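Engineer: From the sequence below, what's the structure:
(one chain, ligands or ions: 1)
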Amino acid sequence: MTMTALQNATTAPRPLQNRVAIVTGSTSGIGLGIAEVLAGQGANIVLNGFGDPNEIEQTRETLASLHGVEVIYSPADLSDPGKIQDMVAFARDVLGPIDILVNNAGIQHVAPVSEFPTAKWDAILAVNLSSAFHAIKASLPEMVERGYGRIINIASAHGLVASPYKSAYVAAKHGVVGLTKTVALEAARTGVTCNAICPGYVWTPLVEKQIADQARAHRMTHEQVITDVLLTAQPNRKFASVEEIGALAAFLCSENGASITGTALSVDGGWTAH
Ligand code: NAD
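Structural biologist: Sure, this is the predicted structure:
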């Protein structure tokens, strides 16, 4: 890290000082980007997700020391409702009541609907949709009791529009947008907001992995999938960055985000403007 980066990390404003944030699926990609921005604004963080234990520990230590916040790690498998309850209880026991919940963990599988493996359908619905329900159910009551809470569900452009070969993902993400609206209405007078962020393509391991599947399904090369399938949908022809998603999440957590609730905010280079 350069001296400038260190100075920025130690002198940046900290509007989320002492807030407690759970970010699911934050060992990689968008979740890690969000965790970094929230930690940079002073929030104590619960990391979650899979990966190499040494790399996760390294990430945890770096985030904590760089930003002077507490960072703990929960290995909870979000396809298991009991493990989600355990993760929320662990966060509360170690860091205190949950202020911010970012439901970000997600998986993908690409295949025509008639060939879509049933086990993949079940797994995608469990991780991409039901986990958000279970985590919200476990943390919303204490947010309401304390009069502040921010729930951010990472949906997708596929929460608003469809693409072929992604039946489970599109169904789950549309479900996330519906869940978001419902929770926002139920919590509207409590100081708790609930919003969905709907990214278009963001360059992360999840996108890298699906290029091979897409190449098979469309009978294309990897390069053709990037230019002719992925970025074709995105009018600005650019991948969004994890930093952009993190900055939007942080704004939603701020006091100025207090009236934004029940929305599905697109970060998709114009994709869903079509
Ligand atoms: P990623 O593969 O880089 O990260 C996914 C994270 O979820 C990882 O930390 C992984 O370990 C975790 N995870 C997966 N299954 C889990 C489980 N059962 N229990 C706990 N953690 C689990 O993916 P990403 O691209 O950063 O995606 C993050 C979210 O953003 C997902 O919900 C995805 O659908 C959404 N999204 C991504 C894009 C994109 O272009 N990358 C676009 C729109 C929406």
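
Engineer: how about the residues of the stretch 1-150 of the chain near the ligand?
Structural biologist: Within reach of the ligand by CB under 6 Å from any ligand atom, the stretch 1-150 of the chain has these residues: 25-31, 48-51, 77-79, 104-107, 127-128. Glycine gets a C-beta too; all of them are placed from N, C-alpha and C.

Engineer: Mind checking which of the residues you listed are buried?
Structural biologist: Neighbour-count burial (16 or more other CB atoms under 10 Å) applied to these gives 25-31, 48-49, 77-79, 104-107, 127-128.

Engineer: Could you list which of those belong to strands?
Structural biologist: N48 (DSSP state E).

Engineer: measure the residue nearest to S156 when sequence neighbours are not counted to the ligand for me?
Structural biologist: Once flanking residues are discounted, S156 sits nearest to K173: 4.5 Å by CB to CB, 6 or more residues apart in numbering. Distance of K173 to the ligand, computed by CB to the nearest ligand atom, to the nearest Å: 7 Å.

Engineer: Run through the neighbouring helices and strands of the host helix or strand of K173.
Structural biologist: In this assignment (DSSP states H and E), K173 forms part of helix 167-186. Secondary-structure packing of helix 167-186 (3 or more CB pairs under 8 Å, 6 or more residues apart in numbering; DSSP states H and E): helix 118-125, helix 131-146, strand 149-154, strand 192-199.

Engineer: Any chance of CSV for these, columns distance to A64, mean neighbour count and mean pLDDT?
Structural biologist: Shown next, in CSV, are the helices and strands packed on helix 167-186 (distance: least, CB to CB, whole Å; neighbours: other CB atoms under 10 Å; pLDDT from 0 to 100):
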stretch, distance to A64, mean neighbour count, mean pLDDT
helix 118-125, 32, 15, 98
helix 131-146, 22, 20, 98
strand 149-154, 21, 27, 98
strand 192-199, 25, 26, 99
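
Engineer: Out of those, which is closest to A212?
Structural biologist: Nearest to A212 among the helices and strands packed on helix 167-186 is helix 118-125 (15.2 Å), distances taken as CB to CB.

Engineer: Which residue ranges of the stretch 1-150 of the chain form helices?
Structural biologist: 3-11, 29-40, 53-67, 81-95, 118-125, 131-146 (DSSP state H, counting those that start in this stretch).

Engineer: would you list these in CSV and tack on distance to A258?
Structural biologist: Compiled in CSV, the helices of the stretch 1-150 of the chain are given as follows (distance: least, CB to CB, whole Å):
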stretch, distance to A258
helix 3-11, 26
helix 29-40, 17
helix 53-67, 24
helix 81-95, 23
helix 118-125, 32
helix 131-146, 13
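
Engineer: Ok, which of those comes nearest S241?
Structural biologist: helix 29-40 (7.6 Å).

Engineer: now that closest one: how far from the chain's centre is it?
Structural biologist: 9 Å (CA atoms, centre = their mean, to the nearest Å).
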